[in-house]
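> dropping a prediction and its sequence here:
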Amino acid sequence: MSDNYMQIRIKADMKNESFIRSVVGAFCVGLNPTLEEINDIKTAVSEAVTNSIVHGYEGGEGDIWIDAEISGSTVRLLIADNGIGIEDIPAAMQPFYTTKADQDRSGMGFTVMQAFMDELTVTPNEPRGLKVEMKKTFRGA
Amino acid sequence: MNLQTVRKGGSLCFVLSGEIDESSAPALRQEMDEALSGGGFREVVFDMSAVSFMDSTGIGLLLGRYKRGRGRGIPMKILNPNPVCDKIFVLSGIYQVMPKAEGVQEGRA
């Protein structure tokens, strides 16, 4: 049973990145997170959304779905796309793994999500695309 | 996102402010590379104190500039990273090639 939830469907466009992470950050503010905790959430969201735009849709047209759900002091996030997905998910989750090194990609996206959140699960979306599920419990100041 | 390029005392200093992400990085990359392609400096400084948000795009941005300067043997450092940036910098290990510096940069306006 969730205490609160929201759902966003938004165009996969770089110009929406700041909006998406700000909305998710604002959604969590009621849980009295520390500044660092809010920033962790915003950064992890930014990584997942960048991944959908740059890798999932390869800069082309598409939608991104963001579900956020609060239960107690825990927020669960689901960020999904219908893009090309990732063939070898465990390999892609290794630090510094990138298929686009020539474009100044650090390959740190999943590493950041893993380090900044308590739980990270990456699975294929059906019928296509990627689903990134993350959880974080706010412990406060 | 705003970028100020300051040259003084042999330093080329990039003073960054605002948010570094996928949407702001391309313009930053272009402006930095234009400055880096010139000469007249012995070190490059990235002043991060006024950056309000950064994801791993920032790591790619800085490492990309480092690779460009490496052939010319130009040392680069990261000045005054606030906690927002520092956490990702530490995670990435970037300080091994671009050391962290604190204090007032000579080249800063």
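That came through fine.
> OK, contacts around A:Asn32?
Listed by Cβ atoms under 8 Å, 6 or more residues apart in numbering or on different chains, the contact partners of A:Asn32 are A:138, A:140. Where you see a C-beta, it was placed from the backbone N, CA and C, and this is true even at glycine.
> that one and A:Pro95, how far apart?
Note on A:Asn32: its distance to A:Pro95, by Cβ to Cβ, to the nearest Å, is 32 Å.
> ok, A:Phe138 next?
Taking Cβ to Cβ, one finds A:Phe138 at 26 Å from A:Pro95.
> contact residues of chain B facing chain A?
Contact residues, chain B versus chain A (Cβ under 8 Å from any Cβ of the partner chain): B:19, B:21-23, B:25, B:29, B:53-57, B:59-61, B:63-64, B:83-84, B:87-88, B:91-92.
> not counting its neighbours along the chain, what's nearest A:Glu61?
Spatially, and ignoring its direct neighbours in sequence, A:Glu61 is nearest to A:Ala12 (7.3 Å; Cβ to Cβ, 6 or more residues apart in numbering or on different chains).
> what does B:Lys100 give?
B:Ile78 (5.3 Å).
> doesn't A:Tyr57 make contact with the residue nearest to A:Glu61?
Yes - with contact defined as Cβ atoms under 8 Å, A:Ala12 reaches A:Tyr57; the gap is 4.9 Å.
> any common contacting residues for these two?
Common contacts of A:Ala12 and A:Tyr57 (Cβ under 8 Å, 6+ apart): A:81, A:83.
> all strands for chain B, in order.
Ranges of strands in chain B, per DSSP state E, are B:2-8, B:11-20, B:43-54, B:76-79, B:100-101.
> and the strands in chain A?
A:4-11, A:63-71, A:74-81, A:119-124, A:130-137.
> list the contacts of residue 73.
Because you didn't say which chain, this covers chain A. Counting by Cβ under 8 Å, 6+ apart, A:Ser73 touches A:31, A:137-140.
> now with 7 Å?
Neighbour list for A:Ser73: A:31, A:137-138 [criterion: Cβ atoms under 7 Å, 6 or more residues apart in numbering or on different chains].
> could you flag which of those residues are buried?
A:31, A:138 (16 or more other Cβ atoms under 10 Å in any protein chain shown).
> which of the contacts of A:Ser73 has the weakest pLDDT?
Lowest in pLDDT among the contacts of A:Ser73 is A:Leu31, which has 92.
> skip the chain neighbours and tell me the closest residue to that residue.
Nearest one to A:Leu31, counting by Cβ to Cβ, 6+ apart, is A:Phe138 at 4.7 Å.
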